[in-house]
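Participant: Sequence and predicted structure are below.
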Amino acid sequence: MLTIRYSNQRGHFDHGWLNTFHTFSFDQYYDPRYMGFRSLRVINEDTVAAGRGFPKHGHRDMEIITFILEGALKHEDSMGNGSVIRPGDVQRMTAGTGVSHSEFNPSSDEGVHLLQIWILPEARNLTPSYEQKFFSQQERTGKLRLIASSDGSDGSVEIHQDARIYAALIDADQSLSHQLSSNRYGWLQVGTGSIRLNDVDLEQGDGAAIGGESQLQIAAHEQSEVLLFDLA
C-alpha cells in the first residue's frame, strides 16, 4: 500500500531568506496526522538565500542527516566540526545528550536547496558525534546507493537506528527496483524531477509511505533525484 504525501499538502513557510516545506509536523507547523513515519520524524525541504542561514541552536536525542540537492551549506558545531556540505555529501550528526550547531549559505549570489532529515535514535542520551562522507554522482546514477545505515555498511554513514537510506539519480525513462523484506516499511521522497513508484506518479517534493509492498519499481519521467528509506 502506498500513501502519498503530496508536496502542496505539506506545511509551508516563506520567511524571505528561508523557503521551507515540512513533510511532518515541525516547529510552527503542527498536524496530528503527520507526526512522522516509523522512526522517520522530519523531512524538511529548505531553500536558504545567499548569505543567510540558521544561527547557533541546540538539539538532543535525534539523528540529523543533511543532504544537499543544489548549492552549498557551511556547518559549525559545538563538537568542533566545521565543513562545507555540497551535492553528494551526506552529513550525519548524532545529537544525543546535546549539541549546538549553525548552518549558513556561504554563497554571495546563489541559494542552497537541501533536505534535512531527522530519525529517532534507538536510545536516548547517546554521546554526540559527527560524520560526513561523499558519494559521487557516478555512484548514485542509475542505482540506489546506500548512504546511511545502522552498521555503516558499504561505506555509508552510521546512524543509531534500524534504518537504511538510499540515494539515486535516475535518468529519464530509466527504472530501478528495490526489495523490501517482510515486516519492513519504506518512505520515498522525490528531491527533484518526477517519477512513477509502482503504479503512482510522484512529482518533486512528493513523498510516499510504503507498507505491505515487497517489490518497489521506481521509473523516472525525467532526470530525477530520490531518497528511499527502508525502515523497521
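Facilitator: Here it is on my side, so go on.

Participant: what's the neighbour count on His57?
Facilitator: By the criterion of other CB atoms under 10 Å, His57 has 9 neighbours. Every residue, glycine included, has its C-beta placed from N, CA and C.

Participant: scratch that, Glu203
Facilitator: 14.

Participant: List the single closest residue to it in space, sequence neighbours excluded.
Facilitator: Taking CB to CB, 6 or more residues apart in numbering, and ignoring the residues beside it in sequence, Glu203 has Ser194 as its nearest neighbour in space, at 4.8 Å.

Participant: Do I have it right that that neighbour meets Ile218?
Facilitator: No - taking CB atoms under 8 Å as the contact criterion, Ser194 and Ile218 are not neighbours in contact, 11.4 Å apart.

Participant: quick one: which of those two has more around it?
Facilitator: Neighbours around Ser194 and Ile218, counted as other CB under 10 Å, are more numerous at Ile218. The numbers are 22 against 16.

Participant: If you count contacts, what does the helix or strand harbouring Tyr166 end up packed against?
Facilitator: Following DSSP states H and E, one finds Tyr166 within strand 163-170. Contact partners of strand 163-170 among helices and strands, from 3 or more CB pairs under 8 Å, 6 or more residues apart in numbering; DSSP states H and E: helix 137-140, strand 145-149, strand 175-179, strand 215-220, strand 224-231.

Participant: Let me know which of those is the nearest to Ala163.
Facilitator: Nearest to Ala163, of all these, is strand 224-231, at 5.2 Å by CB to CB.

Participant: Partner strands of that closest one and their direction?
Facilitator: Strand 224-231 has these partner strands in its sheet, going by DSSP bridges: strand 163-170 (antiparallel), strand 185-192 (antiparallel).

Participant: hmm, who's touching it?
Facilitator: Applying CB atoms under 8 Å, 6 or more residues apart in numbering, the set of residues contacting strand 224-231 from outside is 37-40, 67, 69, 115, 117, 144, 162-170, 178, 180, 184-195, 216, 218.

Participant: element containing the residue in the chain sticking out farthest from the centre, please.
Facilitator: With distances taken from the mean C-alpha point of the chain and given as CA atoms, centre = their mean, the most distant residue is Ser108, at 25.2 Å. Taking DSSP H and E as the definition, one finds Ser108 inside no helix or strand.

Participant: In this structure it contacts Ala49, no?
Facilitator: No - in this structure Ser108 lies outside contact range of Ala49 using CB under 8 Å: 10.8 Å.

Participant: Next one: the closest residue to Ile43 other than its chain neighbours from Met93, what distance?
Facilitator: With CB to CB, 6+ apart as the measure, Thr23 is the residue that lies nearest to Ile43, at 4.0 Å, once sequence neighbours are left out. For Thr23, the distance to Met93 (CB to CB, to the nearest Å) stands at 19 Å.

Participant: Those two - which one has more neighbours?
Facilitator: Thr23 (27 against 23).
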